[in-house]
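[1] For reference, the sequence and a predicted model appear below.
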Amino acid sequence: MSAELRLRFDPELPEWRRSGRFFVVAATLHLAVLAWPLSQSLEIPPPEPLTVRLIEALQATPEPLPVISPPAPPPKPLPAKPKPLQTPPVLAMTPEQQAPTAAPAVVAAPPVAAPSPSPAAVTTAPVAAPAVIAARYNAAYLNNPQPKYPALSRRLGEEGKVLLKVRVSAEGLPIGVDLEKSSNFARLDEAARLAVAAWRFVPARRGDEAIEAAVIVPIVFRLQDG
């Protein structure tokens, strides 16, 4: 830094005035020279921009878990070899010779009569029971009439099948008529029961003998049969 000072001398000024001016000028120059480096050192440089770098944290790679293998199964014990059967030695036993003893005296017993032979047991085979022949209701010569179809059942369109359990005597007469299965219509059931109660039957037989027995009689009511 340079500074140019121009001094004008006035010849009319006294000596002490001129020397005072020179002193002031010299002091000013010294101060300027001293202040110049100070001003240079006091200049604060602008702050440099900070560059921030984000460094990603290294992700720790998880260590693989150790693979635990199952313990090897213990070796199967080898089957023990069967020990050979030792045949016990056979000892030959020699019977000792006993001293002969005196035979006891034999006393004769009185004679005993021999038992007479028993007659042979007679075995009888079981006689087979004769077969039983069930009673019959449908023989042609019986001429059993068919039940009458109730008029009201015709008008109402009632149809069905009735099962009757008939107890037949040894003479072939019905001595009991019971309803085994209904047709779901009381009129049809009653018409069937009344008709069968007047029938004749062929009695059941056991061999050549007529016996009392029960028989199931079905009665079917259908409108197309009239």
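    Now that the structure is in, tell me what you want to look at.
[2] what's next to the helix or strand hosting D189, contact-wise?
    Under the assignment given by DSSP states H and E, the secondary-structure element containing D189 is helix 186-196. With Cβ atoms under 8 Å, 6 or more residues apart in numbering as the test, helix 186-196 has contacts from 137, 145-150, 152-153, 158-160, 162, 164, 166, 174, 177, 179, 182-183, 217, 219, 221. Glycine gets a C-beta too; all of them are placed from N, C-alpha and C.
[3] ok, now with 6 Å
    Defining contact as Cβ atoms under 6 Å, 6 or more residues apart in numbering, one finds that helix 186-196 is touched by 147-148, 150, 153, 160, 162, 164, 177, 179, 182-183, 217, 219, 221.
[4] Stretch 211-218 now?
    By Cβ under 6 Å, 6+ apart, the list of residues contacting stretch 211-218 reads 134-135, 137, 163-170, 196, 204.
[5] In those, find the pair that's most separated.
    Between any two of the contacts of stretch 211-218, the greatest separation by Cβ to Cβ is 23.6 Å, found for L163 and A170.
[6] what's the closest of the contacts of stretch 211-218 to A32?
    Distance to A32, by Cβ to Cβ, is smallest for L163 among the contacts of stretch 211-218, at 150.4 Å.
[7] List the buried residues in stretch 161-181.
    Burial within stretch 161-181, assessed by neighbour count using 16 or more other Cβ atoms under 10 Å, is assigned to 162-164, 166-169, 172, 174, 177.
[8] follow-up on the earlier one: so of the contacts of stretch 211-218, which ones are in strands?
    163-168, 204 (DSSP state E).
[9] quick one: which of the residues you listed is nearest to P126?
    Within the ones in strands among the contacts of stretch 211-218, proximity to P126 (Cβ to Cβ) peaks at A204, which comes in at 23.3 Å.
[10] Contact partners for that closest one?
    Residues near A204 by Cβ under 6 Å, 6+ apart: 134-135, 211, 213.
[11] Tell me the most packed of the residues you listed, by neighbour count.
    Highest neighbour count within the contacts of A204, by other Cβ atoms under 10 Å: A135, with 24 neighbours.
[12] now it: how far from E212?
    Relative to E212, A135 is positioned 9 Å away (criterion: Cβ to Cβ, to the nearest Å).
[13] Can you classify V24 as helix, strand or coil?
    helix (DSSP: H, G, I helix; E, B strand; the rest coil).
[14] In terms of pLDDT, where does it sit?
    Residue-level confidence at V24 comes out at 71, pLDDT.
[15] A80 too?
    Among the per-residue scores, A80 holds a pLDDT of 62.
[16] what's the answer for G176, then?
    What the model reports for G176 is a pLDDT of 94.
[17] Wait, it touches V168, no?
    No: using Cβ atoms under 6 Å, G176 and V168 do not qualify as a contacting pair, with a distance of 9.0 Å.
[18] Poorly predicted segments of the protein, please.
    Along the chain, segments meeting pLDDT under 70 span 1-23, 25, 30, 33, 35-75, 77-125, 225-226.
[19] Reformat the ones in strands among the contacts of stretch 211-218 as a markdown table; add distance to A192.
    Converted to a markdown table, those look like this (distance: Cβ to Cβ, whole Å):
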| residue | distance to A192 |
| --- | --- |
| L163 | 9 |
| L164 | 6 |
| K165 | 12 |
| V166 | 11 |
| R167 | 16 |
| V168 | 16 |
| A204 | 22 |
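[20] The helix holding D189: which residues count as buried?
    Within helix 186-196, the residues that qualify as buried by neighbour count (16+ other Cβ under 10 Å) are 187-189, 191-193, 195-196.
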